[in-house]
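Asks: Sequence and predicted structure, then a few things I'm wondering about:
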Amino acid sequence: MSHKKIIYFVYNSPLDLKNGSNTHILEITSHVSKNMSILLFAPLSTSCKKLPNFISYIKVSGSNVSSIFYQLSYQIGLFVKLFSNYIDRKPDVIYERISGWSILPALVAKIFNTPYIAEVNGLLVEELKIDHYPSIYMKICAFNERRNYNYSKKIVCVTSGIKNGLINLYNVPSEKIVVINNGANTDLFYPIDSEAARAKLKLEVSKKYICFVGNLARWQGMEYLIEAAPLILKRCPNLSFLIIGDGLMKSKLIQLTHKFGVFDNFIFTGSVPYDKVPLYINAGNVCVAPFIMERNARIGLSPLKLYEYMACGKPVVASAISGVSEVLELSKGGISVPPENSEALADAIAVLLENDVLSRELGMNGLHYVMINHSWSNIAKKLINVCEDAIVDN
């Protein structure tokens, strides 16, 4: 009987942050651990939710924050943890969700002749340019990225746009790269009666609701939803907007609601526990993802919110960004609109609010698509296949 393969997952962000990255890594490790032994290496997180018993959480001292000294201390701590655990539990694979300061996991894998797999969720140097980081920082990140890609047996990307970027920017061989999109926790996100969900959340049951879930960051395009609100309210006056999440843009967005005279129609909940998010989605009639072009158009997107909306059987209106529009077209689960166009966004939302039959049809289409293609268990199976291929190739 063959032994259970051991995989080191390296994640360079604190697990107590409430964001899509943490959701992704925790869902993946939980599902992969059903077939492989998992050691999850991540920065020390005092308020992280309890991990499943079958995942060994190796807490690394230091913190992956902007200070160069903290970054270096974290990498040194990570090296010590990786090296010491090798003695007792030599891994079959090292899998890392890479960041700009990812230095040592690939090197450790090379020293011990262990397959190294890099997960890439964006073209980091291109994003740093958009955010105007110092050139020396970008050079360090570019060097680290190139070296990690050279050392890797396989590279996992969440979009085809990222794959094309790696090929064009770093000359990574196409056959080395595997595209695996994000998924949804279909045990947590599933259809619930809308009126029951509203009652639990103490929302007015008779109203209709537009729902957005996510980090309130500039690239989410929330200002276009607020600009669209007066147009939607003209056609559907008994309506509120549920904005689930927090972020740097929150105060500016609240100011915008006052500017457009729609403040009373918006409910900003702030951060909510992850297991409560499905209630808010199910309370909605239509769910939205009005992404902007900058940062998103080149590499495409595979947003968690899109799959979670559809897993709850909700029709989606989203920007026609690469990765998003393809999913909506394949699933027939929503309507794509031109990015940064509040009028088109308003019209698509109003059409769905006015047509219950169409909304229900699109919602069921999306639910069926996610259940077959994008549950985390299916995503984990694809990832396990990549790991096993890397082991064989090694």
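Replies: Perfect, I can see it now. Residues are numbered from 1 along each chain as shown.
Asks: Next, the contact list for Cys287, please.
Replies: By C-beta atoms under 8 Å, 6 or more residues apart in numbering, the contact set of Cys287 is Ile210, Cys211, Phe212, Val213, Ile281, Lys305, Tyr309, Cys312, Lys314, Pro315, Val316, Val317. (Glycine included, C-beta is placed from N, CA and C.)
Asks: For those, give me a markdown table that also has distance to Glu354, secondary structure and neighbour count.
Replies: Compiled in a markdown table, those are given as follows (distance: C-beta to C-beta, whole Å; DSSP: H, G, I helix; E, B strand; the rest coil; neighbours: other C-beta atoms under 10 Å):
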| residue | distance to Glu354 | secondary structure | neighbour count |
| --- | --- | --- | --- |
| Ile210 | 13 | strand | 25 |
| Cys211 | 17 | strand | 24 |
| Phe212 | 20 | strand | 23 |
| Val213 | 23 | strand | 24 |
| Ile281 | 21 | helix | 27 |
| Lys305 | 24 | helix | 26 |
| Tyr309 | 19 | helix | 32 |
| Cys312 | 21 | coil | 30 |
| Lys314 | 16 | coil | 28 |
| Pro315 | 12 | coil | 29 |
| Val316 | 16 | strand | 26 |
| Val317 | 13 | strand | 28 |
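Asks: and the least confident of those?
Replies: The member of those with the lowest pLDDT is Lys305, at 93.
Asks: Contact partners for that residue?
Replies: Per C-beta under 8 Å, 6+ apart, neighbours of Lys305: Gly20, Phe212, Val213, Gly214, Cys287, Ala289.
Asks: any idea which of the contacts of Cys287 is the one closest to Ile155?
Replies: Comparing these against Ile155 with C-beta to C-beta picks out Lys305 as the nearest, at 24.7 Å.
Asks: any idea how far the closest one is from Gly214?
Replies: Separation of Lys305 from Gly214 (C-beta to C-beta, to the nearest Å): 5 Å.
Asks: Common neighbours of these two, please.
Replies: Residues within reach of Lys305 and of Gly214 at once, by C-beta under 8 Å, 6+ apart, are Gly20, Ala289.
Asks: residue ranges of the strands in the stretch 51-200 of the chain, please?
Replies: Using DSSP state E, counting those that start in this stretch, the strands found in the stretch 51-200 of the chain span residues 55-60, 93-97, 116-120, 154-157, 177-179.
Asks: by contact count, what packs against the first one?
Replies: Judged by 3 or more C-beta pairs under 8 Å, 6 or more residues apart in numbering; DSSP states H and E, strand 55-60 is in contact with strand 37-43, helix 68-88.
Asks: strands paired with it, and their directions?
Replies: Strand pairing for strand 55-60, determined by DSSP bridges: strand 37-43 (parallel).
Asks: could you check the angle helix 68-88 makes with the partner strand?
Replies: Angle between the axes of strand 37-43 and helix 68-88 is 160 degrees (criterion: axes from the mean of the first three to the mean of the last three C-alpha atoms, to 10 degrees).
Asks: Strand 37-43 to strand 93-97, inter-axis angle?
Replies: Using the same axes, to 10 degrees: strand 37-43 against strand 93-97 is 40 degrees.
Asks: buried stuff in strand 37-43?
Replies: Buried residues in strand 37-43, counted by 16 or more other C-beta atoms under 10 Å: Ser37, Ile38, Leu39, Leu40, Phe41, Ala42, Pro43.
Asks: Show me the shaky parts of the stretch 151-300 of the chain.
Replies: In the predicted model, the stretch 151-300 of the chain carries pLDDT under 70 at residues 295-299.
Asks: Near the closest residue to Arg218 other than its chain neighbours, how many other residues are there?
Replies: Leaving out its chain neighbours, the residue that sits closest to Arg218 by C-beta to C-beta, 6 or more residues apart in numbering is Met249, at 6.1 Å. Using other C-beta atoms under 10 Å, Met249 is surrounded by 17 other residues.
Asks: Would you list the phi and psi of Met249?
Replies: Per-residue torsions, Met249: phi -90, psi 0 (degrees, to the nearest 10).
Asks: so what's it up against?
Replies: Leu216, Ala217, Arg218, Gln220, Met222.
Asks: how's the protein carved up into domains?
Replies: Domain ranges of the chain: 6-183+375-393, 194-373, per automatic domain parsing.
Asks: deepest of the ones you listed, which one?
Replies: Mean neighbours per residue, mean count of other C-beta atoms under 10 Å, is largest over these for domain 194-373, with a mean of 20.
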